[in-house]
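could you look at this predicted model? Sequence included:
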Amino acid sequence: MPSGSRKPSRVIAGRVIKPYGILGWVRVEVLSENPRRFQPGNTFIVEGREEALVLEAARRSSGSLMAKFQGVDDRESAGKLAGAYLMIAPEQMGEPPPGSYWEHDLLRLRVYDVHGEYLGEVMEVMETGANDVLVLRGEEGRERLVPLIREVVVEIDLPGERMIIRPLPGLL
């Protein structure tokens with residue numbers, strides 16, 4: 001059964017790759033599907049730092065995002081951010097598109113088959129080339145992989161913190 005709160009306290013929106021130029025800009029790997037996530041004025045929590053960073057400016061360049069944060073005004077300051085994850089509170093994610101779910105919403109859901117048998121708790125959502133895969137951990141500690149596809153997932157009940165699946169033959 002669930003072992004605590006299912007929502008994480010932070011969601012990763014991006015990762016600072018390296019400094020860009022000498023005026024405090026950084027190259028960012030965007031890990032958010034929300035196109036408005038990196039608009040000026042948005043705030044990010046940076047791992048290992050006490051204060052939040054406010055995005056001052058952002059622009060696309062050569063397929064990457066270049067970002068400038070308030071108070072980061074030179075290459076040395078920007079270099080200290082290299083490798084750091086830019087995080088937000090889950091509440092800042094907004095609503096997912098209709099018929100879809102944010103990955104962090106699926107974590108810790110209890111998963112049952114259509115006959116009511118408890119299969120485990122969602123511990124991770126792995127991205128694969130074809131479709132996402134849920135990593136379930138059962139009571140006995142055994143891990144199961146379940147494809148996150150319509151043919152398998154019958155119901156997702158976020159308020160009830162549970163998911164019902166119809167396993168394909170041979171899946172379990």
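Cool, the structure landed.

what packs against the worst-scoring helix or strand of the chain on mean pLDDT?
Within the chain, no helix or strand scores below helix 103-106, which has a mean of 82 by mean pLDDT, DSSP states H and E. Contact partners of helix 103-106 among helices and strands, from 3 or more CB pairs under 8 Å, 6 or more residues apart in numbering; DSSP states H and E: strand 118-126. C-betas here are computed from N, CA, C, even on glycine.

what's next to the helix or strand following the strand it packs on, contact-wise?
As assigned by DSSP states H and E, the chain's next helix or strand after strand 118-126 is strand 133-137. Contacting residues not belonging to strand 133-137 are listed as 106, 111, 119-126, 143-148 [CB atoms under 8 Å, 6 or more residues apart in numbering].

repeat that with 6 Å
With contact meaning CB atoms under 6 Å, 6 or more residues apart in numbering, strand 133-137 is reached by 111, 119-124, 126, 143-148.

tell me the buried residues within these.
The neighbour-count criterion (16 or more other CB atoms under 10 Å) marks 111, 119, 120, 121, 122, 146, 147, 148 among the contacts of strand 133-137 as buried.
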